[in-house]
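A.B. asks: here is my input, please return the structure:
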Amino acid sequence: MRRGVSWLRGVALIGAVIAAAAPLSGSVAAQDGGLEISRIDLDGFPEVGFDVAVPANLTVGGVDPQAVTVYENGQPIPVEVAPVPTDGLEVVLLIDTSGSMNERAALASAKSAAVGFLEELPAAVAVGVVGFADAPSLVSPLTTDRNALRASLDQLQATGKTAMYDAIVFGETLFSGGTTDRQFVLLSDGGDTASSATLDDATAVTARVRTSAIEIVTSESNSEAITNLALAGQGRLTSVADPAGLGVLYQEVARSLVNRYRVTFVTQSQGDTDYTVEVVTPFGPVRGSTVIGLPVAATTTTAAPVTTSAPVAAVVDAPRSTPPSSAAPTAAVSTPAAESNSSILPLVLGVAAVGLGLTALMVIAVAGDSRRAGRRLLGIQKSKTKSGATSTPVGERVTALADDVIDRSGVRTGLARALDVADVSLRPGEFVVVTLAGAVGIAALFLVLGGPLLAIVGFAATPLVARSVLTIKAQRRRQAFEAQLPDVLQLMTNALRSGYALPQALDAVATQASEPARSEFERVNFEARVGVDLGESLRAMADRMQSTSFGWVVAALDINREVGGELAKVLTTLATTIRERQQLDRQIKTLTAEGRISAYVLTALPILVGLAMALLNPGYFEPMRTSPGPQILIGAVALLGAGWIWMRSMIKAEI
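C.D. replies: Sure, this is the predicted structure:
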C-alpha cells in the first residue's frame, strides 16, 4: 500500500519542480518580425513609401502584390506594391581584420562567406570592400568585377587592433552618390579599440546607410555598440558564436537585398504612426512592424523618418517605442525596466505553481499513513497515535471540503472503489485535492508556454488524465490477480490436502502469495474476523477484481459448503481449467498482435504527423482556420475514431 503513496509523492514532487522551473527560467515572448522595413521616404508627404525585404526562403517565384497588407494603427489601408530593382543598389562590405579574428579561424570563414555573398547578388550590383584593423584600408572600390573582388578578399590578413568606427566613416566615401539604395554589410566582434571617430560619428553614418551587422562573439565583443550601429538605420543584427555559420548569415543578407518590394500609399495620419506589414507566403503569413514619425501638419518641415523595427534575424530585441526627435533616426533599445516588466507574469505564475505543488505534497503527506484499502471502505482506521500519520489543520480542512463536495455529487462510492482497486492509499477527498492542485499548476505552466487557450486545455485535461491513470493502474492490478489465480488455487489445494480447513487455507494464501492476491485475501480474512460472511466477502472480491474465473471458484466453494465433497479435487480441476483458458487467451493475443499494432499505428500516425507539421511549419495549417477547414478537421477526427472502433472490433476476441 505504501508504494501507491510513494509513487504519488514522487510524481507530485517532479511536477512541482517542473512547474516552478519552467516559468522562473524565463520565457521568450512570441513577436512579429520577419520582414525588414527600410528606406522610408516622406519627401512626397502625404505619400509615404518604404522598402520591405521578405526572407527569400519563404517565397517561391516572388511575392504577389495582392498578398501584401499594410495596417496603419491597426487598420488595413490601400497600398501599391512593386519589386525594387537591384540596378541602383550599391553594397560595401566592412570586414574586421583585427587580431581577434584569428580566433577559431574567423577571418577564413569570413572570406568564404563573403565570396558566397557575391555569388548570391546579381552581376549588376556594385560591391566594394573595406578591411579594418589599426586603421581602415581600401581592399576594393565599388566594382561589378567579381573576379577582382574575390582576389582582393583573398589578400585579407588578421592582425592589430580594431578601428571599426573609422571604417564606417571611411566606407561611406566609397558610394557613388548617384543612388539612395546603399547598403553596409558589417562583420565584427563589435569591440572598437583604435578609432579616432566616436560611436556617435559611426551611428550618424549608419543612420544614413542601411546596415546589416553580423557580430562574431569573441574575447573583444561589444554587443551594445554593434547593436546601436545596426538599428540606427533600420538595419538588421545577427550574432554567431561559431564562425562556421557566417556563410548562412551572409546568404540571408544577400537574398534579402534582392527580394525587396517598394510599398507606397497616401496617409491621413500625423505624428508617430504604427505600421504593420503582413505578407502571405506559401509557408504562412510573415509580419514586420515599425513606427514612423509623420509630419504633424502640411506646413511642418518634413522630418527624417524615425523608426524602430524588429527584423526576423535580430538577436537583440528592439521594441516599438516613440523615438527622440533628431536629425538622424535613432533606434530604441530595450530598457531593463521593460525587460523586468515582461518577466513579472512568468515569475508570479512560477511562484504560484511552486505553491500548488507544495500544497499537493502536503495533502499527500496527510494521507501517508498505512491504512489498508479494506479498512478505508469499512470506515475503520488506526488511531493517529498508532499510525504515525502526519496531519495539518489546513490539509484537513481542504480535504474535508473536498469530501463534502463529492458526497453531494454522489461520486464517493465509485471513486473510493477505483482508489481501492488501484491500491492507492488516498481517500476520495485527498485524491480530488491533489488532482485540482496539479491541474492549477499545469494550467499556470501552460499559460506561460502557450497562452490562455492552452492553459484551459491543461486544466480540463488534468483530471481526465488522473482518472485515466487510476483506471489503468486498477486494470493492471486486476490482470495481475487473474494471472496469479492458478497458483493461488494450487496453494489452497496444498493447504487443504495438508489437513487445514478453508479459513486456514485462505490465511495461507494471505501469508504466502505475492501482490495483489496477498492484499485481497488479507482483506477477506479481516472481513471474516469482523463478522462478514465468508461467501459474501469472496463474491465481493470477485466483483471488485472483475474476475470471471474467480467467480467460478466462489460458486464451487458455495456448492461445496452446501452439499459437501472433496474440495481439493474441485479446486485442482478449476486451476487446470483456468490455466488452459489463460494459455488460449495468450495464443489469441499472439495471433492478433499484428492487427492490434496496425490499429495503433494507423490511428496515431495522422495525429503525430499533423503535430510535427504544425511545429515545424506553423503556417501550413493556416487555411484550415477558415471554412471549410474546421469542418474537414472534424470529419477527419470522426472518421479516425470510427476506423479505430472498427479495427478494435475486428481483433477483439473474448474467451
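
A.B. asks: okay, CA-based contacts and neighbour counts for the rest of this
C.D. replies: Will do.

A.B. asks: now do the helices in the stretch 101-250 of the chain.
C.D. replies: 106-120, 146-154, 164-172, 199-208, 223-232, 246-258 (DSSP state H, counting those that start in this stretch).

A.B. asks: tell me what angle the longest one forms with helix 146-154.
C.D. replies: When you say that, I think you mean helix 106-120. Here helix 106-120 points in a direction 170 degrees away from that of helix 146-154 (axes from the mean of the first three to the mean of the last three C-alpha atoms, to 10 degrees).

A.B. asks: return the distance of helix 106-120 from the chain's centre.
C.D. replies: From the chain centre to the centre of helix 106-120 is a distance of 35 Å (C-alpha atoms, centre = their mean, to the nearest Å).

A.B. asks: cool, and the fourth one?
C.D. replies: If you compare the mean C-alpha spot of helix 199-208 with that of the full chain, they lie 40 Å apart, counting by C-alpha atoms, centre = their mean.

A.B. asks: ok so, going back, a markdown table please, covering the helices of the stretch 101-250 of the chain and showing mean pLDDT, distance to Arg529 and mean neighbour count.
C.D. replies: Shown next, in a markdown table, are those (pLDDT from 0 to 100; distance: least, C-alpha to C-alpha, whole Å; neighbours: other C-alpha atoms under 10 Å):
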| stretch | mean pLDDT | distance to Arg529 | mean neighbour count |
| --- | --- | --- | --- |
| helix 106-120 | 86 | 84 | 20 |
| helix 146-154 | 88 | 96 | 15 |
| helix 164-172 | 90 | 92 | 25 |
| helix 199-208 | 88 | 91 | 20 |
| helix 223-232 | 81 | 79 | 24 |
| helix 246-258 | 81 | 79 | 20 |
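
A.B. asks: wait, which of these is closest to Ala443?
C.D. replies: The closest of these to Ala443 is helix 223-232. By C-alpha to C-alpha, the value is 37.1 Å.

A.B. asks: buried ones in stretch 459-472, by neighbour count?
C.D. replies: Residues of stretch 459-472 classed as buried under the neighbour-count rule (16 or more other C-alpha atoms under 10 Å) are 459, 462-463, 466-467, 470-471.

A.B. asks: just the ones of those residues in strands?
C.D. replies: The members of the buried residues of stretch 459-472 all map outside strands under DSSP state E.

A.B. asks: among those, which pair sits farthest apart?
C.D. replies: Phe459 and Thr471 (19.4 Å).

A.B. asks: for the chain, longest helix please?
C.D. replies: Looking across the chain with DSSP state H, the single longest helix is helix 452-497.

A.B. asks: what's it packed up against?
C.D. replies: helix 412-421, helix 428-450, helix 502-512, helix 517-529, helix 567-591 (3 or more C-alpha pairs under 8 Å, 6 or more residues apart in numbering; DSSP states H and E).

A.B. asks: output those helices as JSON lines; include the columns distance to Val217, mean pLDDT and mean neighbour count.
C.D. replies: Output for those, formatted as JSON lines (distance: least, C-alpha to C-alpha, whole Å; pLDDT from 0 to 100; neighbours: other C-alpha atoms under 10 Å):
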{"stretch": "helix 412-421", "distance to Val217": "57", "mean pLDDT": "79", "mean neighbour count": "19"}
{"stretch": "helix 428-450", "distance to Val217": "29", "mean pLDDT": "83", "mean neighbour count": "23"}
{"stretch": "helix 502-512", "distance to Val217": "68", "mean pLDDT": "87", "mean neighbour count": "18"}
{"stretch": "helix 517-529", "distance to Val217": "64", "mean pLDDT": "87", "mean neighbour count": "19"}
{"stretch": "helix 567-591", "distance to Val217": "59", "mean pLDDT": "88", "mean neighbour count": "15"}
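
A.B. asks: these: which one's closest to Thr173?
C.D. replies: That would be helix 428-450 among the helices and strands packed on helix 452-497, by C-alpha to C-alpha, at 48.9 Å.

A.B. asks: who does that closest one touch, helix- and strand-wise?
C.D. replies: helix 2-24, helix 344-366, helix 393-409, helix 412-421, helix 452-497.

A.B. asks: so for Ile406, which of the helices of the stretch 101-250 of the chain sits nearest?
C.D. replies: Per C-alpha to C-alpha, nearest to Ile406 of these: helix 223-232, 59.3 Å.

A.B. asks: now the closest one, how far from the centre of its chain.
C.D. replies: 31 Å.

A.B. asks: next, the angle from it to helix 199-208.
C.D. replies: Interaxial angle, helix 223-232 versus helix 199-208 (the same axes, to 10 degrees): 30 degrees.

A.B. asks: Val125 is nearest to which of the helices and strands packed on helix 452-497?
C.D. replies: That would be helix 428-450 among the helices and strands packed on helix 452-497, by C-alpha to C-alpha, at 44.3 Å.

A.B. asks: pretty sure Asn228 contacts Asp201?
C.D. replies: No. If you go by C-alpha atoms under 8 Å, Asn228 and Asp201 don't touch, sitting 11.7 Å apart.

A.B. asks: quick one: buried residues of stretch 234-244?
C.D. replies: Buried residues in stretch 234-244, counted by 16+ other C-alpha under 10 Å: 234-240, 243-244.

A.B. asks: okay, the buried residues of stretch 459-472 in TSV with pLDDT and distance to Pro55 next?
C.D. replies: Formatted as TSV, the buried residues of stretch 459-472 follow (pLDDT from 0 to 100; distance: C-alpha to C-alpha, whole Å):
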residue	pLDDT	distance to Pro55
Phe459	87	38
Thr462	88	41
Pro463	87	44
Ala466	87	45
Arg467	86	48
Leu470	86	50
Thr471	87	51
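
A.B. asks: on that earlier part again, report the angle between the longest helix of the chain and helix 412-421.
C.D. replies: Here the directions of helix 452-497 and helix 412-421 differ by 60 degrees (the same axes, to 10 degrees).

A.B. asks: run through the stretch 201-350 of the chain and note the low-pLDDT ranges.
C.D. replies: Within the stretch 201-350 of the chain, the stretches with pLDDT under 70 are 218-221, 297-350.

A.B. asks: ok, 50 please
C.D. replies: For the stretch 201-350 of the chain, applying pLDDT under 50 flags the ranges 298-343.

A.B. asks: which residue ranges of it form strands?
C.D. replies: Ranges of strands in the stretch 201-350 of the chain, per DSSP state E, counting those that start in this stretch, are 210-216, 236-240, 260-266, 271-281, 284-294.

A.B. asks: hey, which of those is tucked in deepest?
C.D. replies: The highest mean neighbour count among the strands of the stretch 201-350 of the chain, using mean count of other C-alpha atoms under 10 Å, belongs to strand 210-216: a mean of 26.

A.B. asks: ok, the residue nearest to Asp558 when sequence neighbours are not counted - contacts?
C.D. replies: Once flanking residues are discounted, Asp558 sits nearest to Gly535: 6.8 Å by C-alpha to C-alpha, 6 or more residues apart in numbering. Residues in contact with Gly535 (C-alpha atoms under 8 Å, 6 or more residues apart in numbering) are 554, 557-558.

A.B. asks: quick one: those residues as CSV, columns for neighbour count too.
C.D. replies: Converted to CSV, those look like this (neighbours: other C-alpha atoms under 10 Å):
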residue, neighbour count
Val554, 21
Leu557, 19
Asp558, 15
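
A.B. asks: looking at the residues you listed, which is nearest Val280?
C.D. replies: For the contacts of Gly535, the residue nearest Val280 by C-alpha to C-alpha is Val554; the value is 71.0 Å.

A.B. asks: isn't that closest one up against Ser537?
C.D. replies: No. Applying C-alpha under 8 Å, one finds Val554 not in contact with Ser537, separated by 9.8 Å.

A.B. asks: show me how the chain divides into domains.
C.D. replies: As recorded under automatic domain parsing, the domains making up the chain are 2-25+344-450, 90-339, 475-591, 593-651.
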